[in-house]
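Trainee: what shape does this take:
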Amino acid sequence: MAAAMAAAAAARAGPGTRGLRGPLPLVVILGATGTGKSKLALQLGQQLGGEIVSADSMQGEALYSSKEICKEEKVIDRKMELEKMDGHELHYRLSQVDPEMAAKLHPHDKRKIARSLQVFEETGISHSELLSRQHAEEGGGPLGGPLKFSNPCIFWLHADQAVLDQRLDKRVDEMIAAGLLEELKEFHRRYNREKVAENCQNYQHGIFQSIGFKEFHEYLISDDQCSPETSNLLLTKGIEALKQVTKRYARKQNKWVKNRFLSRPGPNVPPIYGLEVTDPLKWEESVLGPALQIVGSFIQGKQPVATPIRMQCDVNENKRSHHRCELCDRIIIGDREWAAHTRSKSHLHQLKKRRVDPDTCATLPSQSHFPGPDERTL
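Mentor: Numbering: from 1, shown residues only. A predicted model of the protein is given here:
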């Protein structure tokens with residue numbers, strides 16, 4: 001998933017750093033879409049003389065060293081080729097060459113399975129073994145290899161979810177008013193109309209998977225072939241779909257930050273400083289001011305007065321445990337997800353329907369069997 005972030009970094013002190021002693025640290029700004037990452041990055045860059053780099057969660061590995069990935073231009077086609085295969089066949093292949101990684105991945109997660117197979121094909125070493133070597137390096141830990149940048153300063157911009165939802169809805173309306181539909185129509189005319197006609201459109205790769213394009217598919221392909229009333233209905237449907245997927249995306253981004261940083265104990269997990277962005281009228285006092293103070297402390301080699309945030313986590317929790325619910329005919333990955341599933345309405349409905357004791361079902365052992373391509377497991 002792409003959990004967006006903006007990073008402001010500089011190798012030397014600029015005009016806004018008078019009175020401060022050392023070079024600017026790497027400053028990383030994490031947060032969901034609509035929380036103001038770009039705004040804060042620009043303000044810090046201007047006031048501290050920093051350099052701004054836009055990044056996403058895939059590039060966020062801009063923190064941890066990695067030795068497992070070959071040149072990207074060479075690997076994209078192979079990865080896409082693998083992802084076209086049946087998910088169970090793909091998972092079975094991985095179980096043959098890397099059973100440890102296969103046990104951690106859901107058979108439906110074709111993107112990650114394909115990546116692990118790709119790593120094995122290119123290096124001759126299993127993905128899990130490469131990750132294990134990274135973790136074992138000096139300075140390594142649960143997130144990967146040693147930090148590429150020492151002592152990074154990381155901020156997480158977070159807001160009340162209801163307030164953020166309203167903000168994102170408003171942002172979509174503003175994008176529409178600013179000409180988003182005209183841009184989509186032009187892009188569709190130039191690059192997508194022929195693919196649709198040939199029935200080879202794929203919204204899972206490249207620019208076509210971007211939020212804001214596939215949500216308007218029905219509206220775009222209708223052209224002038226339907227009545228104005230139908231066209232307006234399709235347009236409204238697309239706008240609502242864009243709002244919903246944007247809000248879901250924001251939740252996914254925050255979940256990524258929590259799982260990737262806040263819930264991971266370990267010596268190489270850098271501190272994360274939370275900045276509350278719910279009220280835009282309090283930006284100076286709640287966001288920019290505290291951020292400048294914290295970065296200033298880093299530059300001076302001092303411990304910031306602000307306390308890093310850390311979520312409580314169960315050190316014994318297995319995030320990659322493999323569970324199969326026979327009642328619901330589903331595979332669940334992770335202890336927390338399994339516990340949530342056993343409490344879900346759909347699962348409880350199956351229990352009631354089949355008159356099964358909930359305690360008995362909840363204690364069924366996890367399955368470690370790796371199904372072959374001809375076995376129907378879901």
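
Trainee: low-confidence regions, the stretch 101-250 of the chain specifically.
Mentor: Within the stretch 101-250 of the chain, the stretches with pLDDT under 70 are 138-145, 197-209, 224.

Trainee: tell me where it has strands.
Mentor: 153-158 (DSSP state E, counting those that start in this stretch).

Trainee: mind listing the helices for it?
Mentor: 110-123, 127-136, 161-177, 180-187, 193-197, 217-222, 228-257 (DSSP state H, counting those that start in this stretch).

Trainee: okay, those helices in a markdown table with distance to residue 44 next?
Mentor: The C-beta positions use only the backbone N, C-alpha and C, and glycine is treated the same way. Output for the helices of the stretch 101-250 of the chain, formatted as a markdown table (distance: least, C-beta to C-beta, whole Å):
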| stretch | distance to residue 44 |
| --- | --- |
| helix 110-123 | 33 |
| helix 127-136 | 31 |
| helix 161-177 | 21 |
| helix 180-187 | 29 |
| helix 193-197 | 42 |
| helix 217-222 | 39 |
| helix 228-257 | 19 |
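
Trainee: out of those, nearest to residue 328?
Mentor: Proximity to residue 328 (C-beta to C-beta) singles out helix 110-123 among the helices of the stretch 101-250 of the chain, at 21.2 Å.

Trainee: buried stuff in that closest one?
Mentor: 110, 113-120 (16 or more other C-beta atoms under 10 Å).

Trainee: which among the residues you listed gets closest to residue 211?
Mentor: residue 110 (19.9 Å).

Trainee: hmm, that closest one is touching residue 93, no?
Mentor: No: because the distance of 11.5 Å does not satisfy C-beta atoms under 8 Å, residue 110 is recorded as not touching residue 93.

Trainee: got the domain boundaries for the protein?
Mentor: Under automatic domain parsing, the residue ranges defining each domain of the chain are 5-66+145-160+252-299, 69-144, 163-249, 319-378.

Trainee: quick one: contacts for the closest residue in space to residue 216 that isn't next to it in sequence?
Mentor: Spatial nearest neighbour of residue 216, chain neighbours left out: residue 238 (4.0 Å); criterion: C-beta to C-beta, 6 or more residues apart in numbering. Applying C-beta atoms under 8 Å, 6 or more residues apart in numbering to residue 238 gives the contacts 215-219.

Trainee: counting by contacts, list what the helix or strand hosting residue 39 packs against.
Mentor: According to DSSP states H and E, residue 39 maps onto helix 37-48. Judged by 3 or more C-beta pairs under 8 Å, 6 or more residues apart in numbering; DSSP states H and E, helix 37-48 is in contact with strand 5-9, strand 27-31, strand 51-55, strand 153-158, helix 289-299.

Trainee: next, format those as CSV and append distance to residue 249 and mean neighbour count.
Mentor: Shown next, in CSV, are the helices and strands packed on helix 37-48 (distance: least, C-beta to C-beta, whole Å; neighbours: other C-beta atoms under 10 Å):
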stretch, distance to residue 249, mean neighbour count
strand 5-9, 14, 24
strand 27-31, 12, 26
strand 51-55, 16, 15
strand 153-158, 15, 24
helix 289-299, 24, 18
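
Trainee: out of the ones you listed, which comes closest to residue 308?
Mentor: When these are compared (using C-beta to C-beta), the closest one is strand 153-158, at 8.7 Å.

Trainee: residues in contact with the closest one: which ones?
Mentor: Contacts of strand 153-158 (C-beta under 8 Å, 6+ apart): 25-32, 35-37, 40, 254, 257, 261-262, 270-277, 287, 291, 294-295, 298, 309.

Trainee: now the buried members of the residues you listed.
Mentor: In those, the ones that pass as buried (16+ other C-beta under 10 Å) are 25-32, 35-37, 40, 254, 257, 261-262, 270-275, 277, 287, 291, 294-295, 298.
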